[in-house]
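1. Sequence and predicted structure are below.
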Amino acid sequence: MSSDGERIEQHLHVLRLIMERDGLTLPEALQRFSVVVPEEDHKAVLQLWERKQRSTIIRISSPTELSEVGPRSWFAEWDTSSGYYWRRQRSFLRHVLRREEYEIDSVDRSSDRVLAHLENPQHPSRFNVRGLVVGHVQSGKTGNFSALIAKAADAGYKIVIVLSGLHNSLRQQTQKRLQRDLGHEDVEFPEGVGQGESDKWWTWLTNDSLGGDFNTSANAGFLQGHNQVILVVKKNKSRLDRLLGWLENKVPDHVPVLVIDDEADQASVNTGGNRHGGKPIAEVSDLTSADYDGDAPAEDELDPSAINLRIRKLLNSFARCSYVAYTATPFANVLINPDARDWEAGQDVFPRDFILTLPHPPGTTYVGPERLFGREQLPGENANPDGLDVIRVVPDLEVLQVAPPRTKKRSSSPQVASSLRRALWDFLLAAAGRLARSGKDHPCTMLVHVDMRKEAQDQLAEEIRGELSHIRQQWLYNRSEFLPLLRDRWEKEFRPLTSSIDLDLDAPFEGLEPYLDALLQPGIELRVLNSNHDDELDFDIESNLKAVLVGGNKLSRGVTVEGLLVSYFVRRTAYYDTLLQMGRWFGYRGDYVDLTRLYSTDELIRWFHDLATIEEELRRQVEHYARRGFSPMKAAPRIRSHEKMLPTSKNKMKEAEEQESFDGRKLQTLRFPFDDPAALDLFEHNLGETRRLLSSLGAPKHNEPGKFGWEGVSADAILRFLESFRFGDQQSLDVSAVTRYIQAQTAYNELVSWRVLVSSTRSSHGGIAAVDLGITGQPLVPMIHRSRLALDPTSLGVVTDPSDEMFGLSAEQISEAHRSYEDDTFSGLGDAFRAQRPAREGLLVLYPIDPTSQPGRNASNRRPLFADDASRPDCVVTYSISFPHSSSAAANTYLAGPKGRLR
């Protein structure tokens, strides 16, 4: 592989250090220190610098904080930048890992905010702090708690216990990262960054081997507070029992302890002893006997309630302890009963002291659910993200080929379906493209996750092995015919998307050929990651691995797959948290996001789109409660329900309560059966009901281009319209819940008077189609254009115009809404407008959509409203409802913990 890219990166790294030291621009540094960089490399260095500058977002956000007491007073007087461990780690991140300054600043700021909510380790009294930090899937939570550990050690915490997952491989991965970031005497660092002063070395009571978990032979003398002690321990009954027995009465009361619970929604939450649907836990979790350590059956070893009990015992073992839970999927954690107590173990692990949600990772290299799949438009937003054009649909019939159902009568063997074959080709092209683009070697991996059954994984792996062998044979012995097929795939599948993102990254196929040869001459490795095999991932040892990875539960949580380019994922699950954690394709993708591909089913793509919405809405609720000054004990956030999934397993949410609330919310109708010929009657019916409502209101009291408005409309008229409107099977909101809410609010003299607005296009030239909506004095109304989402063709994605929320507000109210939005009182302008609307008044906005609507010129993720050969109605009517804020809000279906009452 060429080293040109690596050489240019090294040049730029050195020049940036000079620029920071001497306050120079890059051209000035090149001119003054021309001996550092050969003149022939100047242009490449400048181009790399410009590309990095274009992709860098400088703004760094702070976490959102829900807290019982707010940041503690001791922290205001503490300067984390003066601490030994954090200064050394920051230097390591900058000079060894070469992280960008804005990335380090983001970790610095967010870990500061977590530390600010812990108790002062120098405080002489007993304390027991419990908090939760919510990150993003695959976004670097380990980096955050690594920084927290360094800063906590600087402040005076002497013992750190990290609880890390169920599998040995995940515990090992966490241990290695912490040893790297915190410093370890066996890890080599540049002078001034690494081991540092020997008297400040960490005392590691676990090691980085696969079986390096805690054992009772460790020297208990280290617990007296003279050393910085750290342990990385799996979460299972036997291991925790050994730890508890070893710790008993050995930690003096004056020694402060920090406990980090990684993946805190897994095993840590009390399930009351319920089992996983009658299936053996060892099968569900794909664990080996080495993972669960003890002699008892796996069911006894890994009963999550038993683990929860032992975590609580662990926290009660120390006189001075802070517990911080970390997770990207906090659905189970926020549903814990905050008042739950056990006669033996005391209070449950509800984060009573603080909940922090980490901001979206800075920069443009992170790809999370929202960026990949898009999501619904939420109140106050001008548009909704449509997602990236890197998702490819696996037909349902092909799912049966790669993961045939197992029945008592017969069991079919899996096959390499056409979509899986295309995914393998895409992996080869993406790997070659990434290597050619960077000019240096990288790990390049593909993930195949189709079934939780290990036998099914093994069988499919053998089929893939055969397909990879066939591809290699084609390259070696039939290249003249095979090469044009690969070239055609590259030109049609990859180059258009790359060009649309960054023309500088576009590359002709000829540049890939030597890299394809380097990949296919030795052949692509295949690894099966389940407990039937010894295959493991260790990117510290195999930093440039090229492999297809087949697995299930071992690839479902926590484990980072470096260089993941193509994912083939068709496994269904019934839970939000499980599905999101299976998304190993989320994470940092540098400058190669255009080369990544995800193959999945229509259903799963829709579900991920829905989860992106649910996840963002949950974060906004935390922001809402934080602005109102609530503590976690008073404000358990609510989680939106889904028609096919649950937030987490039922035994983790047995105390959750169902609620319905539209307080301060905007709802919109987005889903219709556009491809169903029988739906023509539905659209015509809705148009008729719209005419019936509007004709009953008389002439509009407000009439301006594109806007027709009425006021003083009765709640009964609104309810009749909502109940008569039809959606087919694609209903995007629960109309019965909405009507119940309106009826309940009228009992409080709220929502008794309504404003109705027809929002159409302001243009009236001859090219705009118009429709009769039954408006007195306005025979024709121009229609707006809205197309459908390509990945979710029953959905419009977004319909509303944010300015419609201003209808009926005075100039003073509009000005006040803008002020409160700019002051960050509200997360969205629409929310600020709704706060100005009186509680007795609701707003219904009607949108007439032209049935001939087409996508915009560059909208690759959109499709026409109706197919060219389909019958079309005269108009598609949709609506939105804007509810004001209410202190008496009755409530849509959400799940909340026992304390999550309406505010």
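-> Thanks, I have the structure now.
2. If we go by neighbour counts, what in the longest helix anywhere in the chain is buried?
-> Taking DSSP state H as the criterion, the chain has its longest helix at helix 602-627. Using 16 or more other CB atoms under 10 Å as the test for burial, helix 602-627 gives 604-626. C-beta: built from backbone N, CA, C; applies to glycine.
3. Then stretch 474-484?
-> For stretch 474-484, using 16+ other CB under 10 Å, the buried residues are 474, 475, 482.
4. what's the answer for stretch 749-766, then?
-> Within stretch 749-766, the residues that count as buried by 16+ other CB under 10 Å are 750, 751, 752, 753, 754, 755, 756, 757, 758, 759, 760, 761.
5. Which of these fall in helices?
-> Among these, no member falls in helices (DSSP H).
6. State the distance from residue 513 to residue 490.
-> Using CB to CB, to the nearest Å, residue 513 is found at 10 Å from residue 490.
7. which of those two has more neighbours?
-> Comparing residue 513 with residue 490 by neighbour count (other CB atoms under 10 Å), the higher total belongs to residue 490, at 23 against 15.
8. now the buried residues of stretch 749-766 in a markdown table, with distance to residue 209?
-> Formatted as a markdown table, the buried residues of stretch 749-766 follow (distance: CB to CB, whole Å):
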| residue | distance to residue 209 |
| --- | --- |
| 750 | 64 |
| 751 | 64 |
| 752 | 70 |
| 753 | 71 |
| 754 | 68 |
| 755 | 68 |
| 756 | 69 |
| 757 | 67 |
| 758 | 69 |
| 759 | 64 |
| 760 | 68 |
| 761 | 67 |
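9. out of those residues, who's nearest residue 6?
-> The nearest member of those to residue 6, counting by CB to CB, is residue 761 at 54.0 Å.
10. ok, that closest one touching residue 706?
-> Yes: counting by CB atoms under 8 Å, residue 706 is a contact partner of residue 761 at 5.5 Å.
11. which residues are common contacts for the two?
-> Common neighbours of residue 761 and residue 706, using CB atoms under 8 Å, 6 or more residues apart in numbering, are residue 782.
12. which strands and helices sit next to the longest helix of the chain?
-> Under the contact criterion of 3 or more CB pairs under 8 Å, 6 or more residues apart in numbering; DSSP states H and E, helix 602-627 touches strand 64-67, strand 354-357, helix 369-373, strand 391-393, helix 576-581, strand 639-640.
13. One more pass at 6 Å, please.
-> Where contact means 3 or more CB pairs under 6 Å, 6 or more residues apart in numbering; DSSP states H and E, helix 602-627 is packed against strand 64-67, helix 369-373.
14. Out of those, name the one with the poorest average pLDDT.
-> Of all these, the minimum mean pLDDT falls on strand 64-67 (a mean of 86).
15. Which positions in the next helix or strand after that strand come out as buried?
-> Following strand 64-67 in sequence order, the next helix or strand is helix 73-76 (DSSP states H and E). Buried residues in helix 73-76, counted by 16+ other CB under 10 Å: residue 75.
16. again with stretch 119-131
-> Those would be 119, 120, 121, 127, 128, 129, 130, 131, for stretch 119-131 by 16+ other CB under 10 Å.
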